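In: got a sequence here, can you model it:
(2 chains)
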Amino acid sequence: DTGVSQDPRHKITKRGQNVTFRCDPISEHNRLYWYRQTLGQGPEFLTYFQNEAQLEKSRLLSDRFSAERPKGSFSTLEIQRTEQGDSAMYLCASSGEQLEAFFGQGTRLTVV
Amino acid sequence: SQKIEQNSEALNIQEGKTATLTCNYTNYSPAYLQWYRQDPGRGPVFLLLIRENEKEKRKERLKVTFDTTLKQSLFHITASQPADSATYLCASRTGFQKLVFGTGTRLLVSP
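Out: Model prediction:
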């Protein structure tokens, strides 16, 4: 296992379409996070899973956003009816008993 | 609300000098703070963690301090090199282990 993997790396979609991103965490990690990052800003927290339970969700996450982590392994983040303001880098991170988070390379979403 | 703040202005220094970046937190008392490095187009990479009962932590040319009175952490890179140019992020956990980040400070080291 070489680290956190995200797919796809890049996604261009038309406004109004639905998109889904996948994150494969480091296998022994029970915590998984999703963040959104725009240019010049730090990662903005979206949601957090411990195993398969979604423990926290940002108020910034509108009803168009949903995340799942079935069986506590990989996770998906879906954005429905995308808007131009959704264009950003979507980052996934995982952590285990150690306190630091390990990030994937991110999925860059462009909504045109 | 709980906040982590970093100087959003870029820091420009000359090679060989010490870079010092600041992280301030408000409205909570984190048990520890973390520092990450982020290069353009890539995810953040963990560098150092300092706990509230530690005054200072070092790793090679990196040094982090934690002042609970000032509610501040300082991140130092000594003998800086152009390869140290990146954005440096401060982070801590709040609530149900949610990891929150500051906006990051971009460091540019000129040869």
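In: that's a helix at residue A:85, yeah?
Out: Yes - judged by DSSP: H, G, I helix; E, B strand; the rest coil, residue A:85 forms part of a helix.
In: quick check: phi and psi on whatever residue of chain A ends up closest to chain B?
Out: Nearest residue of chain A to chain B (C-beta to the nearest C-beta) works out as residue A:103 at 3.2 Å. Where you see a C-beta, it was placed from the backbone N, CA and C, and this is true even at glycine. For residue A:103, the backbone dihedrals (degrees, to the nearest 10) come out as phi -100, psi 150.
In: and the worst-scoring helix or strand of chain A on mean pLDDT, what does it pack against?
Out: When the helices and strands of chain A are scored by mean pLDDT, DSSP states H and E, strand A:53-57 comes last with a mean of 89. Applying 3 or more C-beta pairs under 8 Å, 6 or more residues apart in numbering or on different chains; DSSP states H and E, one finds that strand A:53-57 makes contact with strand A:44-50, strand A:65-68.
In: any chance of a markdown table for those strands, columns mean pLDDT, distance to residue B:106 and mean neighbour count?
Out: Shown next, in a markdown table, are these (pLDDT from 0 to 100; distance: least, C-beta to C-beta, whole Å; neighbours: other C-beta atoms under 10 Å in any protein chain shown):
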| stretch | mean pLDDT | distance to residue B:106 | mean neighbour count |
| --- | --- | --- | --- |
| strand A:44-50 | 93 | 17 | 20 |
| strand A:65-68 | 94 | 28 | 16 |
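In: now distance to chain B too, for those strands, in JSON lines please.
Out: Putting the helices and strands packed on strand A:53-57 into JSON lines (distance: least, C-beta to the nearest C-beta, whole Å) gives the following:
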{"stretch": "strand A:44-50", "distance to chain B": "5"}
{"stretch": "strand A:65-68", "distance to chain B": "14"}
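In: quick one: closest of those strands to residue B:10.
Out: Judged by C-beta to C-beta, the one of the helices and strands packed on strand A:53-57 that comes nearest to residue B:10 is strand A:44-50, at 20.2 Å.
In: can you spell out which helices and strands pack onto the closest one?
Out: With contacts taken as 3+ C-beta pairs under 8 Å, 6+ apart, strand A:44-50 sits against strand A:31-37, strand A:53-57, strand A:65-68, strand A:75-79, strand B:98-101.
In: residue A:12 contacts residue A:87, correct?
Out: No - applying C-beta atoms under 8 Å as the test, residue A:12 and residue A:87 come out as separate, 9.5 Å apart.
In: have a look at these two and say which one is more surrounded.
Out: Higher neighbour count among residue A:12 and residue A:87: residue A:87, with 18 against 12, using other C-beta atoms under 10 Å in any protein chain shown.
In: where's the more buried one relative to residue B:74, distance?
Out: The spacing between residue A:87 and residue B:74, counted by C-beta to C-beta, to the nearest Å, is 34 Å.
In: likewise for residue B:38?
Out: Distance, residue B:38 to residue B:74, by C-beta to C-beta: 19 Å.
In: which one's more surrounded, those two?
Out: Ranked by neighbour count (other C-beta under 10 Å), residue B:38 and residue B:74 place residue B:38 first, with 21 against 16.
In: partner residues bridging that one?
Out: residue B:87 (DSSP bridges).
In: now for the residue nearest the centre of chain A: which residues touch it?
Out: By C-alpha atoms, centre = their mean, chain A has its centre lying nearest to residue A:34, at 3.5 Å. For residue A:34, the contacting residues are A:23, A:46-48, A:67, A:75, A:77, A:90-92, by C-beta atoms under 8 Å, 6 or more residues apart in numbering or on different chains.
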